[in-house]
Structure formats: structure tokens, C-alpha cells
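> Provided below for reference: sequence and predicted model.
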Amino acid sequence: MAPKRKYKYNPQTLAYELHKPTLRYYLVRALVLLPVSLVVAFLYYLIYTECFQLKTPRAARLEREYTEARSNLELLNKQIAQSERRLENLQVRDNNIYRNIFGMEQIPQEIRDAGFGGADRYSYLNYSDNSDLLKNTALEFDKIFKKTYIQSRSFDDVERIAGQMGEVAMCIPSILPLPEDTKNFRWSGAFGYRKDPVYGDIRMHEGVDLTGAPNSPVYATGDGRVEAIKYEYNGYGRYIILDHGFGYKTRYAHLNQALVYEGQVVKRGERIGLLGSTGKSTGYHLHYEVIYMGRPVNPYNYFNNNIATDDYYAVISGGRH
């Protein structure tokens, strides 16, 4: 549709002429209409939002997105909590079953709990009203990430040890260091607290005492390497320490003589010394210790009590050099 034309009477020409508005006319018109339009729009917005309590399409969309994001965040927190419970079950099985089976030390709970310090660690999330929820989610995610990493490394160690089970079985000290059927053999001292035979007070006895004939051979109870040969006048006397690897060491004390040298690799059943009564001793006997992860443990728990006599002599014959 063609725009409407305006005509204006010209008294000089006595005729109606086409009227063309000037630029000034358009500017004045714009300056008048623009503020009026803005005022009308603002009034419309106030009536729409304040009087009728209605939301603009953009506000409604943002609110839906906000609600959806918060719901997703709360769902993520629940999923993290479920994953953490499953991870805790794995940790219990790992410590109490898998690592025990292979004679591995348990991972302390304070290491598994993976502490996080610093009050401002998540200060960058303080920009919203939901900063507490955001910071809690970030914290739980970081904790489960670190716990998962620790558990993964533990499983790697278990897998490695499982692949070496044949070697582990030969290194674990599981036979008696003295033949049980020989003359003069007897159990003369148990592991644990007892009355000291020399000083008379109650002291921890960190091994077992086995009585035998003087200078009878003492055998390595597992494959290993001679870590030390030492002499203590008021203690163990002449003693040998074998390092079996995998956290295990054994001590053979009060020996008359060592038949091995430091650094030597020995096999289970190999002669390593001769029974004696050196150091703080009241008679010929062997003080024998099993040390696991730096702590003395009861050697009796490691002895294979079901091994037949012939099998025992087969072991020490095979290990004799």
C-alpha cells in the first residue's frame, strides 16, 4: 500500500503542493516518541510482573534451567554417595581379604580417607546462592577421586604379588629352623610376655626358643638374602638376619657359628649356622624371630605343622649347599 501523501496550499502559487517533511521534523518526532515508548514499555513490564505476578519468557526459561541444574547437582551428590559406599566395601575387602591372603600390610584408614585441607580451596565457587552445595559436591568428588586412585594402586600391588605367588610361597618362613625329631629338641620359650630367665622381670619375648644339641645345624626357613651377621654380648649373641622380601625377615640368635656371609642368597632348608649359647643365654638353644613389616610376629603361626618328617628332610636336603 502506497504511503499517504500530504498536500499544503501555497498562497503564492494559489495551488496545493506536495508536502515533504524536513529532517528536523523527523528528529523532533523521534525525540518525542522514543521516551513515550520507553515509559509505556516500562509500565507494561511493571503491570505484567508486579501486578499480575507473571514472569517474562526469559525469566521463566532461566528459572527452569536453574531448577534443572540444581536437581542434577543433587542427583550427582546422591550418585557420589552411592559410589563412595561401594568403594568403602571394596576397601574393607581389600584390607581384610585380598591383602591378608598375600601377607600384605593393610592400608591405614587415615590414608584411605584422603584428607583435604584449606578453607579457601573452593572459594572460587562462592559466586552463587548455591555455593555450599557446589563446594560440597566438589569436595566429595575430589575425595572419591583420590580414594579411587589409592584403591587402584592397591589392586595393582595385589595383582603384582599374586603374579609372584610361587616366589612368595618359597620366601615366607614356614618350616622349623631345627628338625623337630632330633635329640634334645624341645620348645623352651614361647612368643609374648614372660618372666625373663636372666633378669627375672616381665619382658616381651619377640620370638620362640628351640632347644637342641650343641653345634647342630640351623636351617633357613625360607628363601632370602643374608642381611646381617652380628654379635651382641648382652643380647642375641651371634645372630643372623635373613631378608626374605615381601616384608618378611627372620632372626637366628645365640649361634656358635655362622655358615653364611652378608649378602649371600640362600634357599629354604639351607644350613646357615650352628646352634650355640652365645650372648644373654642360659643354655644351648636357638632364639628364632619372624619380623613382618618391621614388627615381630609370632613365628608359630607360620610353621607348617602338617609337613611330614620325610618331607621336611627332603626340604633341608634340597637346600643344603
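Arrived safely, thanks for sending. Numbering: from 1, shown residues only.
> domains of the chain?
Using automatic domain parsing, the domains assigned to the chain come out as 57-163, 173-319.
> any idea where the helices of this protein begin and end?
Remark: helices assigned in the chain by DSSP state H are 23-46, 57-93, 99-101, 109-112, 131-163, 165-171, 309-319.
> low-confidence stretches in the stretch 51-200 of the chain?
For the stretch 51-200 of the chain, the stretches with pLDDT under 70 are 51-60, 97, 100-103, 114-120, 124-130, 164-166, 199.
> quick check: longest strand of the chain.
As assigned by DSSP state E, the longest strand anywhere in the chain is strand 248-258.
> buried set for that one?
Neighbour counts over strand 248-258 (16 or more other CB atoms under 10 Å) mark 248-256, 258 as buried. Any C-beta I mention is one placed from the backbone N, CA and C, and that applies to glycine too.
> could I get the average pLDDT for that strand?
For strand 248-258, mean pLDDT is 95.
> and that strand, how far out from the chain's middle?
Strand 248-258 sits 36 Å away from the centroid of its parent chain (CA atoms, centre = their mean, to the nearest Å).
> which strands and helices sit next to that strand?
strand 224-232, strand 237-245, strand 271-275, strand 285-292 (3 or more CB pairs under 8 Å, 6 or more residues apart in numbering; DSSP states H and E).
> run the last query once more with 6 Å
Here strand 248-258 touches strand 237-245, strand 271-275, strand 285-292, going by 3 or more CB pairs under 6 Å, 6 or more residues apart in numbering; DSSP states H and E.
> could you give the angle of the second one to helix 309-319?
Think strand 271-275. 110 degrees (axes from the mean of the first three to the mean of the last three CA atoms, to 10 degrees).
> which outside residues touch strand 271-275?
212, 215-218, 220, 240, 252, 255-260, 286, 320 (CB atoms under 6 Å, 6 or more residues apart in numbering).
> of all the residues you listed, which comes closest to S37?
A220 (100.5 Å; CB to CB).
> go ahead and confirm the closest one touches V265.
No. Using CB atoms under 6 Å, A220 makes no contact with V265, being 10.2 Å away.
> give me the more crowded residue out of these two.
With neighbours defined as other CB atoms under 10 Å, A220 and V265 compare such that A220 has more, 26 against 11.
> who touches the more buried one in this structure?
266, 268, 270, 272.
> cool, R238 as well?
Each residue near R238 by CB under 6 Å, 6+ apart is listed here: 231, 255, 278.
> sorry, back to before: out of the helices and strands packed on strand 248-258, which one sits most buried?
Burial of these is given as mean neighbour count (mean count of other CB atoms under 10 Å); strand 285-292 ranks first at a mean of 23.
> tell me the mean pLDDT over it?
94.
> could you do stretch 295-314 as well?
Averaging pLDDT along stretch 295-314 gives 81.
> can you pull the buried residues of it?
By neighbour count with 16+ other CB under 10 Å, stretch 295-314 contains the buried residues 296-297, 299, 302-303, 312.
> check the separation of the first and last residues in it.
Its first and final residues considered, stretch 295-314 spans 31 Å by CA to CA, to the nearest Å.
> stretch 188-205 too?
Stretch 188-205 has an end-to-end distance of 12 Å (criterion: CA to CA).
> residues in contact with that stretch?
Contacts for stretch 188-205 (CB under 6 Å, 6+ apart): 208-209, 211, 280, 282, 285, 298.
> pretty sure L255 sits against S277.
No. Taking contacts as CB under 6 Å, L255 lies outside contact range of S277: 9.4 Å.
> how about the helices of the chain in CSV, adding distance to F191?
Formatted as CSV, those follow (distance: least, CB to CB, whole Å):
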stretch, distance to F191
helix 23-46, 87
helix 57-93, 29
helix 99-101, 20
helix 109-112, 27
helix 131-163, 26
helix 165-171, 21
helix 309-319, 21
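> residues contacting the residue most central in space within the chain?
With distances taken as CA atoms, centre = their mean, I150 lies nearest the centre of the chain, 3.1 Å away. Residues in contact with I150 (CB under 6 Å, 6+ apart) are R112.
> quick check: the gap between it and P173.
Taking CB to CB, to the nearest Å as the measure, I150 falls 30 Å from P173.
> returning to that earlier point: the longest strand of the chain pairs with which strands?
In the sheet, strand 248-258 lines up against strand 237-245 (antiparallel), strand 271-275 (antiparallel), strand 285-292 (antiparallel) (DSSP bridges).
> output the shortest one as CSV, restricted to C-alpha atoms.
What follows is strand 271-275 as a C-alpha-only set of coordinates in CSV (Å, rounded to 0.1, in the frame of the first residue of the first chain):
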residue,chain,number,x,y,z
ARG,A,271,72.3,-74.5,56.6
ILE,A,272,73.2,-71.0,57.8
GLY,A,273,74.6,-71.6,61.2
LEU,A,274,75.4,-73.8,64.2
LEU,A,275,73.3,-73.8,67.4
